[in-house]
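Colleague: Starting from these lines, generate the structure:
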Amino acid sequence: MSVIVFAVILVVSLMRNVEAMKNTDECPKGCRCDLTAVSQLTVACGPSFPASNVDQLTRQLDSMLSSDHMAERLTVLSITNTPLTHVPASVCQLLKLSSLHLDGNRLTTLPDNCLTKLSKLLTFTAKYNEIAGLQDGLFDGLQSLVTIDLSNNSIAFIGLRVFSNSSDMTRLRSIALQFNKLTSLEPWWYYRCIHGSPSSQVIITLSLSRNLIRNFTNEMQFHFHCAMKRPVGFLDLYANPIIHVTDILHGWNISNTIFFLSDKLRSALSSYVFQCWWFCVQLRLQRLLVLQLGFNDFTQKHHTKRGALFRTTISHILSSKRVQL
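Modeller: A predicted model of the protein is given here:
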């Protein structure tokens, strides 16, 4: 009996493999489709793939991904280097996906009511696209999500509720938004960083370097008080056109609390206009939260002894026992 059961299982497995190979035979012309371990699919199109065929490409991808095998078995999907401007609807039905990579396409937006269906998603990347913004509800309910990488896009706005619900995406550890077009920043970082843990050595990493951020807004009415949970994370604002550290404190309504900066440190920093020379300095705004600031508006020749002296001064202030952080 056991031999018969084994044979049946083997036949079913072989049939599924045949079906999977048949599905990849539907690979769009001009693209390469690689199916590995029967659960990981990569679709890559060359740079010469004609943009005029984007509608046909979408239909072909929907046909290939809508099979029962794909819906039941696919856990990793990569669609790269295509002229796609929108995510194919079939992707939203792959409920067992743990990793979704949509890098190097021409996506201008991410769809509503799509990613929220992928409750097992651990990693989502859509680097090197043309995404213009992130609307509210985009990642709602994704409690397993660990990594989001949306770097190298054209993101100019983030909805107030995308990252500010502390009871959502509780396992999220990394958000990469560098090389985008954000001009302002809300204090949503706080609601992400409170999921960090010093005892477990969990540090939340938020990368927003090389945007256009110079305004620190507070439309979400964030107001820090000492009874709130302390954040643990790394907020990287390197190479944004920020002029004063105090712009951050005032904008986020935290200018009068020594939790971030003492009066002495704020006074010491407020007299410096950071765009005067090149530097990259880490400011420890409290014991567990680090804000990295750097500005590269001028050439390397501006990295002078004055800049080195400034860094030494800041290091001295931060390490002084008289400064309470």
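Colleague: Was I right to think T82 contacts P47?
Modeller: No. Counting by CB atoms under 8 Å, P47 is not a contact partner of T82; they are 10.1 Å apart. (Each C-beta comes from the backbone N, C-alpha and C, glycine too.)
Colleague: So between these two, which is more surrounded?
Modeller: T82 (26 against 7; other CB atoms under 10 Å).
Colleague: For the more buried one, give me its contacts.
Modeller: Each residue near T82 by CB atoms under 8 Å, 6 or more residues apart in numbering is listed here: 31, 43, 45, 49, 54, 57, 104-106.
Colleague: so how far is N240 from it?
Modeller: Remark: distance between T82 and N240 (CB to CB, to the nearest Å) = 31 Å.
Colleague: Over to I194?
Modeller: From I194 across to N240, the span is 23 Å (CB to CB).
Colleague: which of these two has more neighbours?
Modeller: Applying other CB under 10 Å to I194 and N240 shows that N240 carries more neighbours, namely 21 against 17.
Colleague: Pretty sure that one sits against R214.
Modeller: Yes. Here N240 reaches R214: they are 6.7 Å apart, a contact under CB under 8 Å.
Colleague: List just the nearest of the contacts of T82 to R210.
Modeller: Among the contacts of T82, G104 lies closest to R210 (CB to CB), at 18.6 Å.
Colleague: Could you look up the SS state of the closest one?
Modeller: coil (DSSP: H, G, I helix; E, B strand; the rest coil).
Colleague: With H69 instead?
Modeller: helix.
Colleague: Ok, L237 next?
Modeller: strand.
Colleague: what is it paired to in the beta sheet?
Modeller: Listed by DSSP bridges, the beta-bridge partners for L237 are L293.
Colleague: ok, it - how many residues close by?
Modeller: With other CB under 10 Å as criterion, L237 counts 23.
Colleague: List the buried residues of stretch 160-167.
Modeller: 161-165 (16 or more other CB atoms under 10 Å).
Colleague: Check stretch 32-49 too.
Modeller: Neighbour-count burial for stretch 32-49, with 16+ other CB under 10 Å as criterion, is recorded at 33, 35, 38-45, 49.
Colleague: For T75, give its distance to S199.
Modeller: 32 Å.
Colleague: More neighbours: which of the two?
Modeller: Higher neighbour count among T75 and S199: T75, with 17 against 6, using other CB under 10 Å.
Colleague: residues contacting the more buried one?
Modeller: Neighbour list for T75: 39-40, 96-99, 120 [criterion: CB under 8 Å, 6+ apart].
Colleague: I would like a PyMOL command selecting only the buried ones among those residues, please.
Modeller: To isolate the buried ones among the contacts of T75 in PyMOL, judged by 16+ other CB under 10 Å, type:
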select buried, resi 39+40+96+97+98+99
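Colleague: from the contacts of T75, which two are the most distant?
Modeller: Longest distance between any two of these is 14.3 Å, between Q40 and K120; criterion CB to CB.
Colleague: in this structure, which helix or strand is least confident?
Modeller: Among the helical and strand segments of the chain, the one scoring lowest on mean pLDDT, DSSP states H and E is strand 279-284, with a mean of 30.
Colleague: Where does pLDDT dip in the stretch 201-325 of the chain?
Modeller: 226, 255-325 (pLDDT under 70).
Colleague: ok, back up a step: I'd like the contacts of T82 as a markdown table, with distance to Q135 and pLDDT appended.
Modeller: Formatted as a markdown table, those follow (distance: CB to CB, whole Å; pLDDT from 0 to 100):
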| residue | distance to Q135 | pLDDT |
| --- | --- | --- |
| C31 | 29 | 93 |
| V43 | 26 | 97 |
| C45 | 27 | 92 |
| F49 | 28 | 82 |
| V54 | 22 | 91 |
| L57 | 25 | 94 |
| G104 | 22 | 96 |
| N105 | 19 | 96 |
| R106 | 19 | 96 |
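Colleague: Which single one of these is nearest to I203?
Modeller: Using CB to CB as the measure, the one of those that approaches I203 most closely is G104, at 28.5 Å.
Colleague: quick one: the closest one from C45, how far?
Modeller: From G104 to C45 the distance is 9 Å (CB to CB).
Colleague: what do the two both touch?
Modeller: Common neighbours of G104 and C45 (CB under 8 Å, 6+ apart) are 80-82.
Colleague: Adding secondary structure, pLDDT and distance to A132, write those out as TSV.
Modeller: What follows is the shared contacts of G104 and C45, written out as TSV (DSSP: H, G, I helix; E, B strand; the rest coil; pLDDT from 0 to 100; distance: CB to CB, whole Å):
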residue	secondary structure	pLDDT	distance to A132
T80	strand	96	20
N81	coil	95	20
T82	coil	95	18
